[in-house]
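Colleague: Predicted model and sequence below, questions to follow.
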Amino acid sequence: MASRALPASIARRMLLSPRNVPIAPRTGVSATRFASGLWKSHWPALRIAGQRRALSATARSRFADVDDSFDPRQQDRESDEVDVCIVGGGPAGLSAAIRLKQMANEAGNEDFRVLLLEKAGELGDHIVSGNVIEPSALNELLPDWSSEDNPNRFEHITPAKVDKMKFLTKTGSIPLPKPPQMNNHGNYIISLNQLVKWLGERAEEVGVEVYPGFAASEVLYDHEGVVKGVATNDLGISRSGKPKDSFERGMEFHARVTLLAEGCHGSLSKQVIKKYDLRRDSQHQTYGLGIKEIWEIQPEKFQSGLIVHSMGYPLPSDTYGGGWMYHFGDNMVSIGLVVGLDYPNPWMAPYGEFQKMKHHPMYKDVLEGGKCISYGARTLIEGGFQSIPKCAFPGGALIGDTAGFVNLPKIKGTHTAMRSGMLAAEAAWDALKGNNDGTIFLYDYEDKLRSSTIWKELKEVRNMRPSFHNPLGLYGGVLYSGLEAYVLRGKAPWTLKHGKPDHAATKTADQCKKIEYPKPDGKISFDILTSVSRSGTNHEEDQPVHLQVKDWEKHAEMEWPKYKGVENRFCPAGVYEYVEDDSKDLGVRFQINAQNCVHCKTCDIKDPSQDINWSTPQGGEGPKYVLT
């Protein structure tokens, strides 16, 4: 691959990560080339240490006499021009990037630039998933991905061997028949965190420019309202909104096609969906919150390839959700609970329910004597077929979980996310080949989706999730889902609708029974801050709060009397608090501990008043997940 000069502003940003640790840049250059010194051709002549000092001195000089009215947005941003810009380094974004460069390289167009921005400090740091992967899309993208003949194969796979489905009572369990959608023959238990890191290496090999630590915070439009790229957020802004010595203006990345692969409820995606009214022909999206731990267990309890799913306890019958336990690797267990965010009781705490679940004998017997090594939480898409928006917009497209391609009854979304990225890549390549200027609209992507296995899969199971909105709750949903799975098989002439949006489904505190959660024992169950410490989460304190609430006091006045601190309970990271304060009329003060945020985005979805907007903090910050 031909060497390309690295834009100076990108080089500067890569000199220091937000954790104040030098990071190895990723711009289509392999780790081997970086280590050998060949990377130097991508950098300005100054040595790293000298440039850090020069940059610091320049910043001090520029802002030594800064006045209070200074607005950093008055500064011009540097820009870079690429063919395709992809926002998000998950399975969808990386699959799109790899497929694009594969096609460009096959056509002899090695100068075709594909750039991928990822807000995490390293690829995979923000990835959380079950994960039992159906390898169909991966087989298509990289056919030798697990071949013994491939020295760069992905090695961290555990073949699925045994499937179990249980309905839990408080102390017991009842075996359930396994729905055909949950047959895992030929699938693998993996860490999606590890797979994403591996996919990043494959992307670099084919020439994708991968920039971790760059948080895209703004969609850019041309004079006709067409998306022309994205901008990253400014660095070095204080909590009060003023520039610090370390201030640096964000950067613009202009592209002929912009693919948004931000995952569930992306901060840019929701803006684009609203601007272009992409949900005009679909229902609202619905979500679940997944909370997960990785344990190393005693060898005699380990059953490689065992997959266990549960429903029932500890969740009440009016709440959709269930647990899982997967045995993978060497004596490792992935355990977690998903709670549908349309749960009605504001006293419920999904984190507390997860801690209770681990004390059920089916889970506790496996975990006892083991060690919890990692914790993570993330929202996931549950809306399915009814909630798929229009996926193409002027200048780009939505791919992966951003668009909502999770097959919920199958409990899988990685293969559909990857396939959607590949389809978008093919549509973008074809469109760019035949259009040297003017607006790109990926009509072909919409057509490819409708004729793909993604569409077929999701349409067949479209009625299962909304069937749980019935007077019998969980039990009625289970009965109807069984009818769909074994008899109707998606051929019913009707399509059920979702209930209220998740935030609107929340009842007031006086309508519901208060829930008291047992104190964690420190062995099987843990307090929330101990868990957050296992997520590796880190944010610089002196920066604008990325969990945006215009008026904290007004928020408390709207929420506290009705819901008595629902934010305390729906957040799995201890970000939100109501602190006793006699100086306030309510007797409490609303507080946001943004440093704890694990970027799950539950608050943006579940807050009853929709008064919290999740936005990106400085690039590279947030969790640093391991094996999730």
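Modeller: Arrived safely.

Colleague: which residues sit against stretch 215-226?
Modeller: Identification of contacts with stretch 215-226 by CB atoms under 8 Å, 6 or more residues apart in numbering yields 87, 117, 119, 227-233, 250, 252-254, 258, 267-268, 271-272, 275, 394-395, 439, 615-620. Placement of C-beta: from N, CA and C, glycine included.

Colleague: So which bits of that stretch are buried?
Modeller: 215, 216, 217, 218, 219, 220, 226 (16 or more other CB atoms under 10 Å).

Colleague: Farthest pair within those residues?
Modeller: 215 and 226 (22.9 Å; CB to CB).

Colleague: hang on, residue 366 is in a helix, isn't it?
Modeller: Yes: assessed with DSSP: H, G, I helix; E, B strand; the rest coil, residue 366 lies in a helix.

Colleague: who touches it in this structure?
Modeller: Per CB under 8 Å, 6+ apart, neighbours of residue 366: 297, 301, 325, 333.

Colleague: Repeat the analysis, applying 10 Å as the threshold.
Modeller: Contact analysis of residue 366 by CB atoms under 10 Å, 6 or more residues apart in numbering lists 295, 297-298, 301-303, 306, 308, 325, 327, 333, 335, 358.

Colleague: What distance do you get for it to residue 312?
Modeller: For residue 366, the distance to residue 312 equals 18 Å [CB to CB, to the nearest Å].

Colleague: Would you enumerate the residues in contact with the residue nearest to residue 130 when sequence neighbours are not counted?
Modeller: Leaving out its chain neighbours, the residue that sits closest to residue 130 by CB to CB, 6 or more residues apart in numbering is residue 324, at 6.1 Å. Going by CB under 10 Å, 6+ apart, residue 324 touches 130-132, 290, 292, 307-310, 334-338, 411.

Colleague: what about stretch 468-484, start to end distance?
Modeller: Between the opening and closing residues of stretch 468-484 there is a gap of 13 Å (CA to CA, to the nearest Å).

Colleague: wait, I meant stretch 588-607
Modeller: With CA to CA, one end of stretch 588-607 sits 18 Å from the other.

Colleague: before we move on, back to that, for the contacts of residue 324, work out which two are farthest apart.
Modeller: Between all members of the contacts of residue 324, the farthest pair (by CB to CB) comes out as 131 and 310, at 17.2 Å.

Colleague: What number of residues are in the vicinity of residue 172?
Modeller: 13 (other CB atoms under 10 Å).

Colleague: That one is in contact with residue 361, isn't it?
Modeller: Yes: assessed by CB atoms under 10 Å, residue 172 is found in contact with residue 361 at 7.6 Å.

Colleague: Could you list the low-pLDDT ranges of this structure?
Modeller: 1-73 (pLDDT under 70).

Colleague: if we can go back for a sec, pull out the buried residues from the contacts of residue 366.
Modeller: 295, 297, 302, 306, 308, 325, 327, 333, 335, 358.

Colleague: beta partners of the fourth one?
Modeller: Spelled out, it's residue 306. Using DSSP bridges, the bridge partners assigned to residue 306 are residue 162.
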